[in-house]
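Enquirer: sequence below, structure please.
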Amino acid sequence: MNSAHCDIEPGFLDHPERRLFHVTHRPAGGEARGSFLFLHALAEEMHMSRRNVAAQARAMAAAGYNVMLLDLTGCGDADGDFADATWHTWLDDARFALQTLREQAPVPVSLWGMRLGGLLACELAAQDSVIERLLLWQAVLNGEQQIDQFLRLKSAASAMVGSIGFDRKSLGSELREGVSLEIAGYELCPDMALEVSRCRLHDLNPTCQVHWIEVRSSGQELAMPSRNVIRHWQQQGLEVTARTVQGEAFWRNQDSPLNLQLQQLTLEMLG
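Expert: Model (predicted):
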């Protein structure tokens, strides 16, 4: 599939244990100056954000980058069910995709993560010293809070049929006892929930330059928890560029319009 500005190539990566679907965008008619691996958000947030992510990938390809949009195990069109996935499985998926990008083109490779994918990208960047830079869109700071937010979907469904409200302690106990939970059509396995809950951006130290972008409904300042993480990273010697852009939380509403300001700001930060 081609356009005037980029070539779009869907396909599968043949991981030794599973097939991983991807859509890779490449500059049309020229060599790339770098490659990006995109790591998506969790569950429905992944689907809600696809339109903005795809538009950004096309814009980045037109600007000279290879951009691989990867479906992690159990997500999208990748092999497996959501219940098959663990945090370590997703890290392994991402490492395999990174290696594929490096084999395809001898150019610097970077990571682009959205929401929980941002947390995943940070952990990967903390382990891989060859990552050139890290682009974060609305990164999840605390994996436990992301799991809590996901569990609240189950509580909301229960409330619709007259059940009790959100009971984090009860649901958390079920997960610790090895019970999987069905939430909004997804089966959350205990290993995934507990592994994600242990992850904190504050505890990770990427070894590369970081571009941090948050979408805010009003005001231009970063949220205080984000500023705390950025300050901590800068104290560790990291180069962090952080900006905000106004707009809707499109990862929660598939009818949100394209955020063209976010698209433009991202390209500006990439230079």
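Enquirer: strands along this protein, start to end?
Expert: 6-14, 19-27, 34-39, 65-70, 109-114, 133-137, 181-183, 186-188, 209-216, 240-246 (DSSP state E).
Enquirer: now tabulate these in TSV and tack on mean neighbour count.
Expert: Backbone N, C-alpha and C define where each C-beta goes, glycine included. TSV is the format used below for these (neighbours: other Cβ atoms under 10 Å):
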stretch	mean neighbour count
strand 6-14	16
strand 19-27	21
strand 34-39	24
strand 65-70	26
strand 109-114	26
strand 133-137	25
strand 181-183	16
strand 186-188	21
strand 209-216	20
strand 240-246	16
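Enquirer: can you list those strands in CSV and add distance to Gln145 and mean pLDDT?
Expert: Listed next are these as CSV, based on distance: least, Cβ to Cβ, whole Å; pLDDT from 0 to 100:
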stretch, distance to Gln145, mean pLDDT
strand 6-14, 31, 94
strand 19-27, 27, 96
strand 34-39, 18, 98
strand 65-70, 24, 98
strand 109-114, 16, 98
strand 133-137, 16, 98
strand 181-183, 15, 89
strand 186-188, 15, 91
strand 209-216, 15, 96
strand 240-246, 20, 96
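Enquirer: need those in TSV (columns: distance to Leu153).
Expert: Formatted as TSV, these follow (distance: least, Cβ to Cβ, whole Å):
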stretch	distance to Leu153
strand 6-14	30
strand 19-27	25
strand 34-39	21
strand 65-70	24
strand 109-114	19
strand 133-137	21
strand 181-183	5
strand 186-188	9
strand 209-216	21
strand 240-246	27
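Enquirer: relative to Gly172, which of those is closest?
Expert: Closest to Gly172 of the strands of the chain is strand 181-183 (Cβ to Cβ; 10.1 Å).
Enquirer: quick one: the helices in the stretch 101-250 of the chain, in order.
Expert: 116-127, 143-160, 168-176, 190-197, 224-235 (DSSP state H, counting those that start in this stretch).
Enquirer: hey, which of those helices is tucked in deepest?
Expert: Looking across those with neighbours counted as mean count of other Cβ atoms under 10 Å, the highest average goes to helix 116-127: a mean of 24.
Enquirer: keeping just the C-alphas, turn that one into PDB.
Expert: The C-alpha coordinates for helix 116-127 follow below in PDB (Å, rounded to 0.1, in the frame of the first residue of the first chain):
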ATOM      1  CA  LEU A 116       1.200   1.500  29.000                       C
ATOM      2  CA  GLY A 117       3.300   1.100  25.900                       C
ATOM      3  CA  GLY A 118       5.300   4.100  27.200                       C
ATOM      4  CA  LEU A 119       6.100   2.200  30.400                       C
ATOM      5  CA  LEU A 120       7.000  -0.900  28.400                       C
ATOM      6  CA  ALA A 121       9.300   1.300  26.100                       C
ATOM      7  CA  CYS A 122      11.000   2.800  29.200                       C
ATOM      8  CA  GLU A 123      11.800  -0.600  30.600                       C
ATOM      9  CA  LEU A 124      13.200  -1.700  27.300                       C
ATOM     10  CA  ALA A 125      15.200   1.500  26.900                       C
ATOM     11  CA  ALA A 126      16.700   1.000  30.400                       C
ATOM     12  CA  GLN A 127      18.000  -2.400  29.200                       C
END
